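Q: sequence plus the predicted model coming up.
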Amino acid sequence: MPKMMTAALLTKLNAPLELVKVPVPEIANDEVLVKLETNGLCFTDVQIWKGEHAPPSLPLIMGHEGIGRVVATGSNATRLRVGDRVGIGYVHGACGHCRDCLTGGENYCPEFTATGYSQPGCFAEFVALRDHWTNKIPEGIDPIEAAPLMCAGAAAYASLKRTGVQTGDTIAIFGMGGLGQYGVQIAKLSGMRVIAVDIANDKLAKAKELGADECVEAGENAGAAIKALGGAHGCVNFAPVTATWPMMLDACNPRATIVLTGVPAGEMAFYTYQVVERGLTVRGSSASNRQEMAELLALSASGRIKGVIKTRPFNEIDAALNDLNQGRVEGRIVLTMEGGA
Ligand SMILES: [Zn+2]
Ligand SMILES: [Zn+2]
């Protein structure tokens with residue numbers, strides 16, 4: 001095992017990452033060492049990098065969509081084996097014994113640790129991960145397809161579940177970026193009727209290709225347009241803007257659920273009657289638990305979920321981060337590691 005590895009180090013907010021040699025992480029008894037093959041880039045990385053979601057300390061190795069092979073196991077790590085292909089998302093681990101952890105809400109555990117934020121992440125040749133908290137990647141999903149599932153795919157999957165929308169009902173999905181593109185496909189596989197909403201026509205055309213039944217251009221009349229199509233039994237907001245909020249309120253049928261996943265900086269206001277009189281539910285959704293991740297991976301292993309992915313070599317990470325920051329990316333970016341995928 002090498003002693004040193006290349007890592008993309010965030011040493012100063014808003015400054016280029018430094019590709020430098022750092023020690024290969026030492027693993028604790030309950031951890032495994034993973035040699036990374038691919039790394040998905042997420043908008044959360046941009047927010048961490050810019051300090052909008054400032055990390056607890058620097059320097060930091062970011063990255064929470066990493067896929068690789070286990071190359072070493074700690075003495076108490078008995079679940080994963082050397083050679084297993086595994087992946088990690090934003091949830092690096094949690095306490096495992098609180099009320100939230102014990103009732104399917106480990107991603108809301110007050111003590112959960114975040115990959116590439118409060119813990120060293122995956123933008124490196126190796127990463128130390130917790131044996132019980134690392135997701136096994138089924139054969140049949142290649143490491144490029146798998147990477148964005150760890151965050152974008154998992155967040156989309158968990159958000160859709162939280163709408164409670166049933167087979168045959170209508171879901172309106174706002175924002176056709178990476179999460180929206182996964183959302184459309186997952187919703188169709190679940191038998192929902194899908195209305196895709198975005199401000200950009202090319203993104204709506206892509207959503208149609210991915211299976212959306214209807215497309216509505218975001219704007220003042222979007223809610224009315226969705227109503228004219230029968231209204232929504234659930235809405236999900238993946239767009240990082242507050243402009244979608246009144247559209248979602250307008251689009252809802254009685255007792256619909258609005259799930260908020262995108263995190264715009266602004267406030268979302270409403271008149272109480274808008275929610276009360278129709279018995280609406282508004283819920284937040286962040287990341288996913290391990291069970292939801294496993295369900296998504298099983299769905300994906302069937303080959304019916306395809307990411308819209310552009311690959312780049314790992315050493316172009318700064319340029320890729322900049323492209324993401326400037327909105328020059330259609331779907332998700334996956335960085336390929338040298339000697340990896
Ligand atoms: Zn992410
Ligand atoms: Zn907990």
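A: Thanks, I have the structure now. Ligands and ions are numbered 1, 2, ... in the order given.
Q: residue ranges in the stretch 201-341 of the chain under the pLDDT threshold?
A: In the predicted model, the stretch 201-341 of the chain carries pLDDT under 70 at residues 339-341.
Q: run through the helices of it in chain order.
A: Ranges of helices within the stretch 201-341 of the chain are 201-209, 222-228, 244-251, 272-276, 290-301, 317-325, based on DSSP state H, counting those that start in this stretch.
Q: please work out which of those is packed deepest.
A: helix 244-251 (a mean of 23; mean count of other C-beta atoms under 10 Å). C-betas here are computed from N, CA, C, even on glycine.
Q: I'd like to know which elements it is packed against.
A: strand 170-174, helix 222-228, strand 232-237 (3 or more C-beta pairs under 8 Å, 6 or more residues apart in numbering; DSSP states H and E).
Q: of all the residues in the stretch 151-300 of the chain, which one is nearest ligand 1?
A: Nearest to ligand 1, among the residues of the stretch 151-300 of the chain, is residue 151, at 3.2 Å (C-beta to the ion).
Q: what's the neighbour count on that residue?
A: 30 (other C-beta atoms under 10 Å).
Q: tell me if it really is in a strand.
A: No - according to DSSP: H, G, I helix; E, B strand; the rest coil, the state of residue 151 is helix, so it is not within a strand.
Q: isn't it right up against residue 88?
A: No - Residue 151 is not in contact with residue 88 according to C-beta atoms under 8 Å; the separation is 9.4 Å.
Q: hey, what's in contact with both of the two?
A: Here residue 151 and residue 88 have residue 64 as joint contacts, going by C-beta atoms under 8 Å, 6 or more residues apart in numbering.
Q: longest strand in the protein, by number of residues?
A: Counting residues, the longest strand found in the chain (DSSP state E) is strand 31-41.
Q: list the buried ones in that strand?
A: 31-41 (16 or more other C-beta atoms under 10 Å).
Q: next one: stretch 248-268
A: Quick answer for stretch 248-268 (16+ other C-beta under 10 Å): 248-253, 256-262, 268.
Q: return the residues of the stretch 1-150 of the chain in contact with ligand 1.
A: 42, 44 (C-beta under 5 Å from the ion).
Q: where's residue 129 relative to residue 123, distance?
A: Distance, residue 129 to residue 123, by C-beta to C-beta, to the nearest Å: 14 Å.
Q: do you know how far the one residue in the stretch 201-341 of the chain that gets nearest to ligand 2 is from residue 187?
A: Closest to ligand 2 within the stretch 201-341 of the chain is residue 289: 11.1 Å, counting by C-beta to the ion. Plainly put, residue 289 is 19 Å away from residue 187 if you go by C-beta to C-beta.
Q: neighbour count: these two, which is higher?
A: Remark: of residue 289 and residue 187, residue 187 carries more neighbours, 28 against 21, as counted by other C-beta under 10 Å.
Q: beyond the strand or helix carrying the more buried one, next helix or strand please.
A: Using DSSP states H and E, residue 187 sits in helix 178-189. Later in the chain than helix 178-189, the nearest helix or strand by DSSP H and E is strand 193-198.
Q: now that next one: buried residues?
A: Result for strand 193-198 [16+ other C-beta under 10 Å]: buried residues 193-198.
Q: just give me the closest of those residues to residue 49.
A: residue 198 (25.1 Å; C-beta to C-beta).
Q: and the residue nearest to that closest one when sequence neighbours are not counted, what does it touch?
A: Counting by C-beta to C-beta, 6 or more residues apart in numbering, residue 198 lies nearest to residue 176, which is 4.0 Å off, once chain neighbours are set aside. When contacts are counted by C-beta under 8 Å, 6+ apart, residue 176 touches 184, 196-198, 200, 203-204, 206-207.
Q: for residue 252, list each beta-bridge partner.
A: Residue 252 forms beta bridges with residue 232, as assigned by DSSP bridges.
Q: wait, doesn't it sit right on residue 236?
A: No - applying C-beta under 8 Å as the test, residue 252 and residue 236 come out as separate, 11.9 Å apart.
Q: any shared contact partners between the two?
A: residue 258.
Q: in contact with the residue nearest to residue 330 when sequence neighbours are not counted, which residues?
A: Excluding its sequence neighbours, the residue lying closest to residue 330 (C-beta to C-beta, 6+ apart) is residue 308, at 6.0 Å. Neighbour list for residue 308: 178, 181, 206, 210, 330-332 [criterion: C-beta under 8 Å, 6+ apart].
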